Structure formats: C-alpha cells, structure tokens
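A.B. asks: pasting the structure only:
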C-alpha cells in the first residue's frame, strides 16, 4: 500500500493581520536565525565563551548576511528585476523570497568579523561554534521555499513528488503535476550535515575554523547534486548553472583548508588585551596589571595540553 502519493504545497504563504501581511517565508527565516543563535550559544558556552557574545555578534552578522544574500540572488537571477518586463524595485522586496546562501555567508562573515574584532574574539573559533547552527537555520529556511512554491526540481512521479499549483509551474511543465521537492532534499541534507559536524567536532576536537570548513564542504556536496535537479531560472555558464560552479569551487577550498589545518590542537581562546582592559575598567577594577586571565576579560576554551592532537 502506498502511504504517500505526493507532497501537497501549502495553499497560501501570506496571512493578513489587518494591514500587516504575515509571510511564511519571513517567519521561517526568523525561526532559523533563532534556532541558530540558540544552538550556537550552547556550543560557544561549552567552548568557554562568555554569555551574550553570540547575540552581540548576531546583531552585526544577521543584517550583513541578509543584505549579502539578497545581492547574490539578484546578481545570479537578474531577469525578474532587470530583464524584459522586470521591475528593478522588486530587488528590494526580500519578503517575496530570494536569498542566496553564498552571499549571505560571505557578507555575514564580514559582519561577524567586525563584531568579533570589537569583542576580541578569534573569528575562526566563533565560526566553529556557529557551523551546525547555520545548517539548522538553512534547513528551517527552506520551508519558506515550500510555502512560496519555488525552487523545486524537475518533474517526477516518485511518491514524494511535490504538488505545484498551475500558476507557479514553469511554462514548459504546465501539464506536469508533481516535481522533485528540492526544498525537502536540502532540508534533510542540512540536518544530517549538522549532526555530522557536531559528531566530528566532539570526536576530533575541531578548531581553528575546521568545523566551519567541514560545514562548508558538506553543504557544497549536497548543494551540488540538488542544484542539478532544479529548474528555476538562473544564470548559467557553458549551459551549467552558476551555483554548480560555486559549489564545486567553494567546496574544494573548504576541503583544502581542512587538510591544511589538520592535526592542530584545540586552541585556548583568549580575548584581546584591549577588550580585557575595557571590561576591567567598566567593572571598576582599574588598570590592575595582575588581573588573572580567567576574569571577565578572557574567554577560555577546553583546557588541555597544547601538544594533544586535535
């Protein structure tokens, strides 16, 4: 007996609360950010970080990431905005959907770097704490594509095929009822990758950005085959979608970084002297030269011998 004939798409993705539209896509993005912040906070504290660091860094990283994600999306899918019949002003309509993960990570990293520098925190160490949370956030965010009936794959008659309303089907597939649910493929892949990163981090004591590099490598591997299933309009080179090239190049760079950094022990994370002095001054301790490193001005990770293999 077939338990699943197809996956239905939501009948709507926007609910009107008086004059305020409540959009499922935006709610999914917000839920993903909250989940990532929660998981990252737990991991950062476990590595010796201070409470409040994650929120302070998120204040910088999230806006940068949203802007970067939108810029990448518009650049790689310009036709709805600058093509024939397009509306350039829609490039600013983030609530309609369309955030490119590559741009979001790149710009988000810039925002995180600024915040980490202000707090005297090494960016690679914070990236290691953040890595699985990003995957969880991306998984939750993909539910927004389901509500918007977008970014699905080609036709399929598999029992988990995704039903797409006629108005949202590509013109060449108007007679096709079900498509590959690429949102679901990526959601499940990201959750599995998050579990792998957490396991590998515990097993091999990843540090110096290696957990983040593993996240990048795993995500690129999944995005590569999922991207090949998608049929939505995108910029191509030699007939291949731009995101396929991006996944290959970025994934190989992540693997190279993992190899380059292999065997390094987990670092003792300490904040910069300027930040430590500022915290001591704000707490009324003055300029005591003999303040121990374990006071609020220092954040320490796992205490272990420097020579212990990582």
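C.D. replies: Yep, that arrived. Every value quoted in this text rests on a predicted model; they were computed, and no experiment measured them.
A.B. asks: Contact partners for residue 250?
C.D. replies: Going by C-beta atoms under 8 Å, 6 or more residues apart in numbering, residue 250 touches 102, 216, 220. C-betas here are computed from N, CA, C, even on glycine.
A.B. asks: could you dump those residues to CSV with neighbour count, pLDDT and distance to residue 152?
C.D. replies: Below are the contacts of residue 250 laid out as CSV (neighbours: other C-beta atoms under 10 Å; pLDDT from 0 to 100; distance: C-beta to C-beta, whole Å):
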residue, neighbour count, pLDDT, distance to residue 152
102, 19, 89, 20
216, 22, 98, 25
220, 22, 97, 21
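A.B. asks: Just put those in a markdown table and tack on secondary structure and distance to residue 112.
C.D. replies: Below are those laid out as a markdown table (DSSP: H, G, I helix; E, B strand; the rest coil; distance: C-beta to C-beta, whole Å):
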| residue | secondary structure | distance to residue 112 |
| --- | --- | --- |
| 102 | helix | 16 |
| 216 | helix | 14 |
| 220 | helix | 20 |
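A.B. asks: From those residues, pick the one nearest residue 72.
C.D. replies: residue 102 (5.4 Å; C-beta to C-beta).
A.B. asks: Surely that closest one touches residue 72?
C.D. replies: Yes. Residue 102 is within contact range of residue 72, at 5.4 Å (criterion: C-beta atoms under 8 Å).
A.B. asks: Including distance to residue 244, could the contacts of residue 250 go into a markdown table?
C.D. replies: Listed next are those as a markdown table, based on distance: C-beta to C-beta, whole Å:
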| residue | distance to residue 244 |
| --- | --- |
| 102 | 12 |
| 216 | 16 |
| 220 | 10 |
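A.B. asks: Assign residue 265 to helix, strand or coil.
C.D. replies: coil (DSSP: H, G, I helix; E, B strand; the rest coil).
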